[in-house]
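>>> Here is my input, please return the structure:
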Amino acid sequence: MAIGMNTFIRSISSILILLGFCTYSFSQEECTTILVGRKATADGSVIIAHAEDMGKTDSGKLWHQDAAEYEKSDSIYLPYETIPGVSRTYSYWAHGNSDKVAERYNGSILAGMNQFGVSFGCNTVYTRDELIPEGEKGLQRYSIRRLIMERARTAREAVEMVGQLIDTYGQSGIVVAYLIADAEEAWVVETTPRHWVAKRVPDDGFHVQANQYTIEKEWDIASSDLVEYAESQGWYDNNSGEFSFRHIYGDPQRIDRPYDTVRELRATEILESKKGSISVKDLKTIMRSHYEGTSDYHYPPHDTDVIRPICVSNTQAAKVWHLRPDLPVETGAIMWYAISTPCTSIFVPVFSGSERVPEEYLNAGEVFDPSSAWWTFDALQKAVDKDYDGLFPYFEIYRNARERYLIKKAGEIQARASAKFEKGNTRDAKELLSEFSFNMLQMVYIEAGGMLEELLLKADMEDEGEQR
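Numbers count the residues shown, from 1 in each chain. Have a look, this model is predicted:
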């Protein structure tokens, strides 16, 4: 499905009008993340899924950051602290805010995967503790995410790093739960401005998180003064019963909201029935869920909704990481990446060993741009949402066929590149992976533009028919 770019650019005015048709959005822009242990999956892999629900006009980008070497004595400044440097940083893939949006948030990286397969997503959580105002002290969540990618060789290292950074500097602004994994294990790290607690996901289990604390009376590691600090603030009395991090540190107004709890229960119900055979496909389906087949099904969603679906119209991007321990990490760690809302997007395989990304994914700006992959898929989503029941089945046929193709081709490339790595032919293997991920990302962008153009023409024809 080829796109006529001149025609597409001439259609900008029509697209801007189309964007105006869709006035709904959730007032709360919050994420959903799932971690699955290796004995709960069908193939012994660890799987993560994450939807970045940033807002209907908060554009996003995808990029690859090369490894780098430094003088170890060099310190680095990260808002709003100076920390010791390292002699080498690792390469990574990241999704985050486009440049203009990043300026507004004073940060960019939101989720990613590094060269060792260490992968993560984050969810905003709400604490009763006083926040550290941004601009004064403490490390932002954006900086902590960057350091995870640059410095952690394993998920456990990343967990310990998050804890050490918060213990040493504190966390400024909004606080988050860090959901971190590699091909061996998965971890949940829940944080406050000054403290943290971490729990390993059982190998034969899974963890679903919306936007509330989930760790209660049992955890693996935590800040050394976690209980003492709560006592000093008058939140906990040792005589009042067993200590629960969730209930002691959580904002009482933000615990057990239907807005969060329903998402967690729906995903848990699906995964519990599949435990031991959970697949990447299952996680993609959950990321696209509007609770089809239940009385709670509704799409598109509205501001007034109390029960929100997992898939919403303000998703910046969705990812599913497939982390296999039986292959070289360059081919065994894949981030399936769907830009914009996943139900109207395509999950494209990005290998950890690939290194190139099309220009169209590198930035988006704050206004519609047909040369931007994010804005193209965002406009496509809004076009489908304008008549979801009528247009989505048409799009779904294309989407499912395209993803079957991508899965087949990714498996072929995975096998070819793994054989090259095992023979020590690293350069050719990385080039094979880079060319594949680059071409597949570019292909779905071009096809999305073509489909958007078709939908615009269809809308124009219908409008002309109504005017007659």
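>>> Can you show me the helices along the stretch 151-300 of the chain?
155-169, 226-232, 245-249, 258-272, 280-287 (DSSP state H, counting those that start in this stretch).
>>> quick one, what contacts Ser115?
Actually, residue 115 is Gln rather than Ser. 67, 90-92, 329-330, 352-353 (CB atoms under 8 Å, 6 or more residues apart in numbering). Using the backbone N, CA and C atoms, a C-beta is placed for each residue, glycine as well.
>>> Please convert those to TSV, extending it with secondary structure.
Shown next, in TSV, are these (DSSP: H, G, I helix; E, B strand; the rest coil):
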residue	secondary structure
Ala67	coil
Tyr90	coil
Ser91	coil
Tyr92	strand
Val329	helix
Glu330	helix
Ser352	coil
Gly353	coil
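>>> If any of the residues you listed are buried, give me the PyMOL selection for them.
Buried residues within the contacts of Gln115, by 16 or more other CB atoms under 10 Å, are selected in PyMOL with:
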select buried, resi 90+91+92+329+330+352+353
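>>> Just name the closest of the contacts of Gln115 to Glu216, please.
Distance to Glu216, by CB to CB, is smallest for Tyr92 among the contacts of Gln115, at 32.3 Å.
>>> Tell me which residues touch that closest one, please.
64-65, 112-115, 149-150.
>>> I'd like to know how far the closest residue to Tyr299 other than its chain neighbours sits from Gln316.
Nearest residue to Tyr299 in three dimensions, chain neighbours excluded: His290, at 4.1 Å (CB to CB, 6 or more residues apart in numbering). Counting by CB to CB, to the nearest Å, the gap from His290 to Gln316 is 18 Å.
>>> between those two, who's got more neighbours?
Neighbour tally, His290 and Gln316, criterion other CB atoms under 10 Å: the higher count belongs to Gln316, 30 against 19.
>>> Show me the shaky parts of the stretch 51-200 of the chain.
55-56 (pLDDT under 70).
>>> how does it look with 90?
Scanning the stretch 51-200 of the chain for pLDDT under 90 picks out the ranges 54-58, 71-74, 100-101, 103-107, 136.
>>> part of a helix, is Thr82?
No: counting by three-state DSSP, Thr82 falls outside a helix, being strand.
>>> my read: it touches Asp74, true?
No: with contacts counted by CB atoms under 8 Å, Thr82 stays clear of Asp74, the gap being 10.6 Å.
>>> what's the offset of whichever helix in the chain runs longest from the middle of its chain?
Of all segments of type helix in the chain, defined using DSSP state H, the longest is helix 426-467. Mean-position distance between helix 426-467 and its chain equals 21 Å (CA atoms, centre = their mean, to the nearest Å).
>>> same deal with stretch 419-428?
30 Å.
>>> for the residue nearest to Tyr299, what are its contacts?
Contacts of His290 by CB under 8 Å, 6+ apart are 297-299, 301, 309-311, 343.
>>> so where do the strands sit in the stretch 1-150 of the chain?
Assigned by DSSP state E, counting those that start in this stretch, the strands in the stretch 1-150 of the chain fall at 32-36, 46-52, 60-65, 68-69, 75-78, 81-84, 88-89, 92-97, 109-114, 119-125.
>>> Dump these into TSV; add distance to Glu157 as well.
Putting the strands of the stretch 1-150 of the chain into TSV (distance: least, CB to CB, whole Å) gives the following:
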stretch	distance to Glu157
strand 32-36	17
strand 46-52	15
strand 60-65	18
strand 68-69	19
strand 75-78	18
strand 81-84	16
strand 88-89	14
strand 92-97	14
strand 109-114	11
strand 119-125	12
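>>> Lys281 is nearest to which of those?
Lys281 lies closest to strand 46-52 among those, at 10.3 Å (CB to CB).
>>> my guess is Lys100 contacts Glu366, does it?
Yes: using CB under 8 Å, Lys100 is in contact with Glu366, at 4.7 Å.
>>> Any chance you could list residues touching both of the two?
The contact sets of Lys100 and Glu366 overlap at Ser59 (CB under 8 Å, 6+ apart).
>>> Now do the same contact list for the residue nearest to the spatial centre of the chain.
Residue closest to the average C-alpha location in the chain (CA atoms, centre = their mean): His50, at 4.0 Å. When contacts are counted by CB under 8 Å, 6+ apart, His50 touches 31-34, 111, 121, 179, 318-320.
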